[in-house]
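Trainee: Pasted the sequence and its predicted model underneath.
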Amino acid sequence: MTSLNNRPKSRNKGSLGCLGGMKSFIDWIVDDFKTPHLVWIKLVFFCQSASMTVLYPYLNLHMKSLGISIQETAIINAVIPVLFIFTPPIAGFLADKIGNFRVLLSALTGTGGLISLLLLLVPIGRDISLYPDKLTWGLTCGAPGSRAQYQNLMVHGFNDDKCQVRPGSWENTTFTPGTCGYMCPTRSRLRVTPRFFEYKVVWPNRGGGFGITEIVDVVNLEKIEERKYHEPRMIDTSIFFPMNWTFQLNCDRIRSDDCIFNPVLSSKDDIEYHVQLSPLQLSMKQTTDHVHQEFMVSSIQHPEFRRPVSRTINCGSKSEIAQVVSTVSTGDRRLGGQFGKDIPQLIDTKLNDCTLTCLVNFEREAMCNNTSEPVSYSPVTTFWSYLGIRTVLGVLTASSLMMFEGAVMATIQELGGDYGLQRFVGNFGAIVFAPMGGFLIDTSSLNLSRTDFSPVLYVYLALKLIAAFLILFIRLDFKPPGEKILSNIKEIVKNAEVMVFLLMMMFAGIFWGYIEGFLFWYLDDLGASKLQMGWTVTVGMITSLPFLVFSGPITEILGHVNVIILGMLAYFVRLLGYSFIQNPSYVYPFESLEGFTMALMMTSAVTYVAKISTQTTIASVMGLMGSLFFGVGKGSGCLFGGLLMSYIGSMWTYRLFSVVAGACAVFYLLFQIFYIRPKRKKAGKSAQKSADHFKEAEERGENKDDVDTKNRIHDMHPRTSMIDRDEPAAAGQLANSHGSLLSINGPRSLTGGTRV
């Protein structure tokens, strides 16, 4: 059977030297690209890798846009990785039963793409309703109902605005005048605003007690133009009848602080007043339950004023307590039978104690802590429907990818080729399509109030369908034999070195799971565009490529343990760095550490398994490592990371995880110094002692078998096993193991584990 690394051996190596080696390397790549069955495999890997990175990195943001909370997102992200632990047996069962499963594999791949479209049908569970940018409050001369001539201006908040006043915001703020009119209190809040046809404002008792009234204005609302500007509206428990006036202060030219409250005809000019307010706790009408925030105007400044006005204001004649007599419709009555004309039924109403009020506009962001209001629809339906679709999509995707990689591995072994080169070429799909997905989301959402994720779902579907079609051209008749992954669990548990290594891999999975699950969420909170987020995947992939190529020499120089410790330190720097960035562009240097945390560390971990395991435990250790990293670790990182974010925020969660990563690096280093090294040193002395005994026995002429029996214990040590003596052969055996392959090569492995 052909090896996985079918590189042509260089001819005349001695005469050509380095040029000969380079020529041989280039010839090997060219031959690989010319091999027909490998071309189809490369194209499928490209499409699969591209499809994963064009959609999966943005799914958390899609959940966020649907109103799924961060706790619910953490649960969904925790459930999906755990399913991957149980997916390998499903894939192995299907592979065993079907044998030549090319059509089934194609169907699973295409179905996964179609299922993804169901995400577009998930209803919005929660939404954010944005308040208007302008905060409209009422301004009066004195308290409502007061008849004093000179009073302070007062600003009245309205409950309908739901403004949570920002402490200290009233000390120095500005407003622009709006419409002035008469605010008439009612006994209670009206459920439906009456339909007015006409109203007139009356000043009673203008004749000094002789019962003379003065009609201020009459507004007829039959014309659309009049109704547009003078339509009365409900404000809390009052009805506001707008007049064609706006707020203005007329001040004496000599005594600039002697001013009169004199609303004038509306002007199109936006005049800005600077005011200093003093908060009061009053109610607009003691007979109602309308209690709201009120302010006294301590100082008011206009660009035309020579100095701020801080004295009481002459309220003027228009501030007289008024009555509003209105004509209101109570319904329609039909005249002339069934086909007659509907005419409104009108009655006259009178509202008393109406106060001249000018509506003024503040900047809501400057005055209020709340600029939006959460709206809840059906969050339970949204959560369970999204979880169900993601579960089906995850099982289909993981099963198809695992079956494909297992079959491709066997096919390459049978027909020739280099598995790593196929994956290397496929990774360029992730490099190209990750930022493309972000660009498509940004461009399609420019003129929309909500982020549109449909383009990446359609691209994902197209890539999946293309991959499903290309699979039909690949010969997938071979599959490696299955193995029982947990058949030697007792022997593994007794090995402290293996157990601590698996613990480190689980923590690495936790760190990776949290980063992959919530980095985009964090960047979105920082205001990053989707394109910027996509580039993080590309940066991570590009920086990982050299480590994938040169992981072997680097590991030989540094050693497996040191590489794992270096990976933990890289996680420490990466997580800590995320917590301090304020500009999303600063994320890229920390993303470049992906080469250390995933490419180099995980590649070294795979070969380290061969170093610390025996022939009987190697597949089991590899299966456990894959389950702990991609399943338990990633799921725990998503779950606990998301829950911590909801309580202590993103920055402190990243810092907490960075401390744990640093502690893991220190612990693993101390474990190697104080346990592994003394143990190996002791084992080496025992081996040397056995060798000396054997030599003495030979000199005395003892039976060789007796000496071997005495020293059998030393031959059972993992580092003196066949794997330690022939590590490349063991790694090859590991790659050929069907069970370990299905356990470790989930959909995340297609892109080197980059936010997929």
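Mentor: Happy to help now that I have it.
Trainee: Identify the residues contacting Ser169.
Mentor: 366-368 (C-beta atoms under 8 Å, 6 or more residues apart in numbering). From N, CA and C alone the C-beta is placed, and that goes for glycine too.
Trainee: So in this protein, which strand runs the longest?
Mentor: Among all segments of the chain classified by DSSP state E, the strand with the greatest residue count is strand 341-363.
Trainee: Could you list every helix and strand that it packs against?
Mentor: If you count contacts as 3 or more C-beta pairs under 8 Å, 6 or more residues apart in numbering; DSSP states H and E, strand 341-363 packs onto strand 134-141, strand 173-185, strand 195-203, strand 238-246, strand 322-335.
Trainee: right, so of the ones you listed, which gets closest to His560?
Mentor: Closest approach to His560 among those is made by strand 134-141 (62.8 Å; C-beta to C-beta).
Trainee: so the closest one versus strand 173-185, what angle?
Mentor: Orientation check (axes from the mean of the first three to the mean of the last three C-alpha atoms, to 10 degrees): strand 134-141 against strand 173-185 gives 70 degrees.
Trainee: So what touches strand 134-141?
Mentor: 151, 153-158, 161, 163, 175, 178, 183, 235, 247, 261, 297, 313, 315-316, 319, 355-364, 367-368.
Trainee: What subset of those is buried?
Mentor: 151, 153-158, 161, 163, 175, 178, 183, 235, 247, 261, 297, 313, 315-316, 319, 355-362, 364, 367-368 (16 or more other C-beta atoms under 10 Å).
Trainee: circling back: and the longest strand of the chain, average pLDDT?
Mentor: Strand 341-363 comes out with an average pLDDT of 80.
Trainee: Quickly run through the sheet partners of that strand, with directions.
Mentor: Partner strands and pairing direction for strand 341-363 (DSSP bridges) are strand 134-141 (antiparallel), strand 173-185 (antiparallel), strand 322-335 (antiparallel).
Trainee: Pull up the per-residue confidence for the residue nearest the centre of the chain.
Mentor: Nearest residue to the geometric centre of the chain (C-alpha atoms, centre = their mean): Trp521, 2.7 Å. In this model, Trp521 is scored at 92, pLDDT.
Trainee: Quick check: it vs Lys64, distance?
Mentor: Per C-beta to C-beta, to the nearest Å, Trp521 is found 6 Å from Lys64.
Trainee: hey, which helix is longest across this structure?
Mentor: Ranked by residue count and defined by DSSP state H, the top helix of the chain is helix 379-415.
Trainee: Now do that helix, average pLDDT.
Mentor: 83.
Trainee: Give the buried residues for that helix.
Mentor: Neighbour-count burial for helix 379-415 [16+ other C-beta under 10 Å]: 379, 382-383, 385-387, 389-390, 393-413.
Trainee: Now do Phe572 against Tyr514, distance only.
Mentor: When distance is defined by C-beta to C-beta, Phe572 is 13 Å away from Tyr514.
Trainee: Settle it for me: which of these two has more neighbours?
Mentor: Counted by other C-beta atoms under 10 Å, Phe572 and Tyr514 do not tie: Tyr514 has more neighbours, with 27 against 23.
Trainee: how close does the closest residue to Arg450 other than its chain neighbours sit to Thr607?
Mentor: What sits nearest to Arg450 in space, not counting adjacent residues and going by C-beta to C-beta, 6 or more residues apart in numbering, is Ser65, at 6.3 Å. Separation of Ser65 from Thr607 (C-beta to C-beta) stands at 42 Å.
Trainee: Overlap in contacts, Trp521 and Lys64.
Mentor: Overlap of the contact sets of Trp521 and Lys64 (by C-beta under 8 Å, 6+ apart) consists of Thr73.
Trainee: still on that earlier bit, in space, what's closest to the residue nearest to the centre of the chain - neighbours in sequence excluded?
Mentor: Asn60 (5.4 Å).
Trainee: contacting residues around the host helix or strand of that neighbour?
Mentor: Using DSSP states H and E, Asn60 falls within helix 59-65. Helix 59-65 has contacts (C-beta under 8 Å, 6+ apart) with 72-73, 76-77, 119, 386, 390, 450-451, 453, 517-518, 520-521, 524, 530, 533.
Trainee: quick one: pLDDT of Glu459?
Mentor: Quick fix: residue 459 reads Val, not Glu. 96.
Trainee: so what's it closest to, chain neighbours aside?
Mentor: Closest residue to Val459 apart from its sequence neighbours, by C-beta to C-beta, 6+ apart: Val54 at 5.2 Å.
Trainee: Hmm, Gly438 and that neighbour touching each other?
Mentor: No. Counting by C-beta atoms under 8 Å, Val54 stays clear of Gly438, with 9.2 Å between them.
Trainee: between the two, which one's more packed in?
Mentor: Shown here are Val54 and Gly438; by other C-beta under 10 Å, Val54 has more neighbours (30 against 27).
Trainee: per-residue confidence for Pro89?
Mentor: pLDDT, read off for Pro89, is 66.
Trainee: make that Lys9, sorry
Mentor: For Lys9, pLDDT reads 45.
Trainee: Can you list phi and psi of Ser454 for me?
Mentor: Here is the backbone geometry of Ser454 (degrees, to the nearest 10): phi -60, psi -40.
Trainee: and it, what is it in contact with?
Mentor: Counting by C-beta under 8 Å, 6+ apart, Ser454 has contacts 120, 444.
Trainee: is it true that Ile68 lies in a helix?
Mentor: No. With DSSP: H, G, I helix; E, B strand; the rest coil as the criterion, Ile68 is coil rather than part of a helix.
Trainee: quick one, phi psi at it?
Mentor: For Ile68, the backbone dihedrals (degrees, to the nearest 10) come out as phi -70, psi 130.
Trainee: Could you tell me how many residues sit around it?
Mentor: By other C-beta under 10 Å, the residues close to Ile68 number 23.
Trainee: Would you mind confirming that it makes contact with Trp384?
Mentor: No. Judged on C-beta under 8 Å, Ile68 makes no contact with Trp384 at a distance of 10.8 Å.
Trainee: still on that earlier bit, name the SS class of the residue nearest to Val459, please.
Mentor: Here Val54 is recorded as helix under three-state DSSP.
Trainee: now it: how far from Gln71?
Mentor: Per C-beta to C-beta, Val54 is found 27 Å from Gln71.
Trainee: Please apply the same query to Phe424.
Mentor: Here Phe424 is placed at a distance of 39 Å from Gln71 (C-beta to C-beta).
Trainee: looking at the strands paired with strand 341-363, which one has the lowest mean pLDDT?
Mentor: Lowest mean pLDDT of these: strand 322-335, a mean of 70.
Trainee: tally of neighbours for the nearest residue to Ile474 once chain neighbours are set aside?
Mentor: Nearest non-adjacent residue to Ile474, counting by C-beta to C-beta, 6+ apart: Trp40, 4.7 Å away. Neighbours of Trp40 under the rule other C-beta under 10 Å: 17.
Trainee: Trp40 is in what secondary structure piece?
Mentor: Per DSSP H and E: Trp40 is located in helix 36-55.
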